[in-house]
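J.: Generate coordinates for the sequence data below:
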Amino acid sequence: MKRVTIPITLTVKGPVLTKSSTMGRFGVDALMASSQFSNPVTGVAERRYYLPGRLIKGLVREALQELSTLRDAYAKLIPEWLGEEPPEDTGDEPRRGRLLFGDFADLEAGVGEEKLRYRIAIEECRGAADAQKLQMIESPYAAGQTVRFTGKVRFLISDEEVAKGRSGDVTEALERGLCWIRAVGGNRTVGFGEVQEVSMGKALEESPPSEVTAQGTLWNLRLSFQEPLMFSERRIAENLFESGDVVPGGAIKGALAETMKVEPAALEALKRELHKVGFTHAFPAVKGGSRPEQWPLSLLAFGETESCVVDVFRKDGGVLRDGKAGAFDIDWKEPLKKQVRARFGWPKLERELRVRVSIDSALGKAADQDLFAWRMALPHQMEWCGRVDVSELSAPAREQLERLLRFGVEPIGKTKALGVVEIGETPEVAPERREAFVVTLRTPALLIDPSRRLAPNGGIGSGRQEDLRLELGDAWRELSGGSLELVNYYQRCTLAGGKYFQQRFLGTVRPYRPYLLSNAGSTFLLKPANGREDDAQECLKRWARKGLPLAAGVRTFYAIPDEWDQQWRHCPYLPENGYGEVAVNQVCPYPEA
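T.: Residues are numbered from 1 along each chain as shown. The predicted model follows:
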């Protein structure tokens, strides 16, 4: 297997406009898109004007569709290498293209002073300027000025395909498609962004490393990226998505599974055992920094600064100070949240909003009702830290996994980013023996069986606090084999699901049931059962390494099979995908109330 990376330079004649999603100063209708790119010499992130990779990919698709009328081979390449929309009856199974386009940036000149260009609509009947139709647009490049936008296109290909010459076929089709593009960006139908030259550099081929050096069965992973990241955490509106800070363990495993499809025969051992690999979520940290910790939901604030925050995990019921009740994090204002996040090691990630729209090829303009926006996380000077447990793997599968990780993980998230991975060994630390243990969820977990007390017989439960306490007590008792008992808890639940989950994981033969997740930060005070101290210690050690398993009642309620190698087909919230990760007796920077 090889990763082929092709550097490409597009020479474009000004003026050029790719409309930015950000707002300019008062009166400016359209800004030229700019973002942060690593300087090829210094490695420092600098703001540059760019052409989106998705725009270039769409134009290449249009070009190959036109050229396919002369050569049928181009039409056959489009679905595999550029992707296509899945049919309605496939359960939302994605059909991703194998060609991955990065953004094309102007690396020769930085973002300078705002220069404006004016356009006005002409009234057809009178041939005069139409009223209130003046447009002010940013135009950093003068008319006739040549600008070089440099980017990369990469793809994975098997050794067998290379031997058959497919790499050359794809490269030739890509070059033909790029050369067929007449203009790029907005207003290209009126002369903006004329493409004058396409220069394709020598393709760089990378193969997975042959050496394996990782020791032990628990590895530290540090991932770094060059492209923005997009993991849709929540839908703000129908067509607006915001990325979370975290790279889910399931996303890393899914990217590896996609890579393995390129060369399945050479990775047969890992293919059989991939379900046994346990990835934690990767949390963001400043380069070289430590992995952040999840703050517990037992934190209570009696003011607007972090000096007023205390931990009440041992308190059962309301806590008063000077006759006033405190506030939990759901009611905190943003400044206090930022202070608490910083105390637990969470850096501030910069965000960038990009609006995308489908283009109607026949009309050459935006298609109706196909506009949506991503608020992405920028990765510069950041790393994402996680762990991988390989204790259940055979030696051949472990070696194949290490080679694949060191080769780089892609495609990650909606932006199909490439993650460069560093692997290090991490020692296993057993929780200290205590009379009681504080267990904090670092990531969401499927902990509760809703059918037992909260919604018996599929109906609506009473919503009593006593029912929830009894349910959580039974859950911890079942998970620990009776060695641990619930003393106190602070937890919050969220429903997850929707049409996508229904079609991908539940199918049409089972009733739709949204997942009831215990949120990250949920905190539980547990004590060992009488005479079961050693069993409790062993159980906590296992959870700290592998995460919380799915209880039998939870598997039954959500129709998750007991067979380990089949569970990933029916549920995404598995411990092997990073869910249910726990911290035992986590050090809290705030005093106990």
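
J.: Residue 62: which element?
T.: Applying DSSP states H and E as the criterion places residue 62 in helix 53-67.

J.: ok and the helix or strand just after that helix relative to helix 53-67, angle-wise?
T.: Going down the chain from helix 53-67, the next helix or strand is helix 72-82, by DSSP H and E. Here helix 72-82 runs at 160 degrees with respect to helix 53-67, directions being taken by axes from the mean of the first three to the mean of the last three C-alpha atoms, to 10 degrees.

J.: State the mean pLDDT of whichever helix or strand comes after helix 72-82.
T.: The helix or strand immediately downstream of helix 72-82 is strand 100-101, counting by DSSP H and E. Strand 100-101 comes out with an average pLDDT of 94.

J.: so what secondary structure elements neighbour strand 100-101?
T.: Helices and strands touching strand 100-101, by 3 or more C-beta pairs under 8 Å, 6 or more residues apart in numbering; DSSP states H and E, are helix 53-67, strand 146-157. Backbone N, C-alpha and C define where each C-beta goes, glycine included.

J.: how about these, which one is nearest residue 421?
T.: Go through these one by one with C-beta to C-beta and the one that ends up closest to residue 421 is strand 146-157, at 15.6 Å.

J.: now that closest one against helix 72-82, angle please.
T.: Using the same axes, to 10 degrees, strand 146-157 lies at 80 degrees relative to helix 72-82.

J.: which parts of the very next helix or strand once past strand 146-157 are buried?
T.: Using DSSP H and E, the helix or strand that follows strand 146-157 towards the C-terminus is helix 159-163. For helix 159-163, burial by neighbour count (16 or more other C-beta atoms under 10 Å) applies to residue 161.

J.: same thing with stretch 477-486?
T.: Judged by neighbour count using 16+ other C-beta under 10 Å, the buried positions of stretch 477-486 are 477, 479, 480, 483, 484, 485, 486.

J.: okay, the residues you listed in JSON lines with pLDDT, secondary structure and distance to residue 100 next?
T.: Rendered in JSON lines, the data for the buried residues of stretch 477-486 read as follows (pLDDT from 0 to 100; DSSP: H, G, I helix; E, B strand; the rest coil; distance: C-beta to C-beta, whole Å):
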{"residue": "477", "pLDDT": "94", "secondary structure": "helix", "distance to residue 100": "48"}
{"residue": "479", "pLDDT": "94", "secondary structure": "helix", "distance to residue 100": "41"}
{"residue": "480", "pLDDT": "94", "secondary structure": "coil", "distance to residue 100": "45"}
{"residue": "483", "pLDDT": "94", "secondary structure": "coil", "distance to residue 100": "48"}
{"residue": "484", "pLDDT": "95", "secondary structure": "strand", "distance to residue 100": "47"}
{"residue": "485", "pLDDT": "95", "secondary structure": "strand", "distance to residue 100": "51"}
{"residue": "486", "pLDDT": "95", "secondary structure": "strand", "distance to residue 100": "48"}
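
J.: now, which of those sits nearest residue 288?
T.: Distance ranking of the buried residues of stretch 477-486 against residue 288, using C-beta to C-beta, places residue 479 first at 36.0 Å.

J.: how close does that closest one get to residue 207?
T.: Relative to residue 207, residue 479 is positioned 43 Å away (criterion: C-beta to C-beta, to the nearest Å).

J.: what number of residues lie near residue 200?
T.: A total of 15 residues lie near residue 200 under the criterion other C-beta atoms under 10 Å.

J.: List the beta-bridge partners for it.
T.: Judged by DSSP bridges, the bridge partners of residue 200 are residue 8.

J.: From residue 65, how far out is it?
T.: The separation that residue 200 has from residue 65, given C-beta to C-beta, amounts to 21 Å.

J.: How about the contacts made by residue 157?
T.: The neighbourhood of residue 157, defined by C-beta atoms under 8 Å, 6 or more residues apart in numbering, consists of 1, 2, 4, 98, 166, 167, 170, 262.

J.: Looking at these, which one is closest to residue 426?
T.: Residue 426 has its nearest neighbour among the contacts of residue 157 in residue 1, at 28.0 Å by C-beta to C-beta.

J.: and that closest one, how many residues sit next to it?
T.: By other C-beta under 10 Å, the residues close to residue 1 number 22.

J.: Please read off the pLDDT at it from the model.
T.: Confidence per residue is given as pLDDT, and for residue 1 that number is 91.

J.: I figured it hits residue 208, correct?
T.: Yes. With contacts counted by C-beta atoms under 8 Å, residue 1 reaches residue 208, the gap being 6.4 Å.

J.: does residue 439 sit in a helix or strand, and which one?
T.: Per DSSP H and E: residue 439 is located in strand 437-441.

J.: Any idea how far that strand is from the middle of the chain?
T.: Strand 437-441 has its average C-alpha position 26 Å from the chain's average C-alpha position, going by C-alpha atoms, centre = their mean, to the nearest Å.

J.: Tell me which other helices or strands it touches.
T.: Other helices and strands packing on strand 437-441, by 3+ C-beta pairs under 8 Å, 6+ apart, are strand 523-528, helix 533-546, strand 582-584.

J.: What strands flank the shortest one, and is each parallel or antiparallel?
T.: The pairing partners recorded for strand 582-584 under DSSP bridges are strand 437-441 (antiparallel).

J.: So what touches the partner strand?
T.: Residues outside strand 437-441 that contact it (C-beta under 8 Å, 6+ apart) are 294, 296, 313, 431, 484, 491, 518-527, 536, 540, 543, 580-586.

J.: could you list every residue that touches residue 148?
T.: Contact criterion C-beta under 8 Å, 6+ apart gives 9, 10, 11, 12, 106, 107, 108 as the residues in contact with residue 148.

J.: Count the residues that sit near the closest residue to the first one other than its chain neighbours.
T.: So the one you mean is residue 9. Among residues not flanking residue 9 along the chain, residue 199 sits closest, at 4.3 Å (C-beta to C-beta, 6 or more residues apart in numbering). Burial measure for residue 199: 13 neighbouring residues, criterion other C-beta under 10 Å.

J.: Against residue 380, how distant is residue 199?
T.: With the distance defined as C-beta to C-beta, residue 199 ends up 27 Å from residue 380.

J.: can you check residue 436 too?
T.: When distance is defined by C-beta to C-beta, residue 436 is 43 Å away from residue 380.

J.: Residue 196: helix or strand, and which one exactly?
T.: Under the criterion DSSP H and E, the helix or strand holding residue 196 is strand 194-200.

J.: Which positions within that strand qualify as buried?
T.: 194, 195, 198.

J.: Stretch 278-289 too?
T.: Within stretch 278-289, the residues that qualify as buried by neighbour count (16+ other C-beta under 10 Å) are 278, 279, 280, 281, 282, 283, 284, 285.

J.: could I get those residues as CSV with distance to residue 113?
T.: Output for these, formatted as CSV (distance: C-beta to C-beta, whole Å):
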residue, distance to residue 113
278, 52
279, 47
280, 46
281, 43
282, 39
283, 39
284, 33
285, 36
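
J.: which among the residues you listed gets closest to residue 125?
T.: In terms of C-beta to C-beta, no member of those lies closer to residue 125 than residue 284, at 57.9 Å.

J.: any idea how far the closest one is from residue 382?
T.: Using C-beta to C-beta, we find residue 284 at a distance of 5 Å from residue 382.

J.: Many thanks, have a good one.
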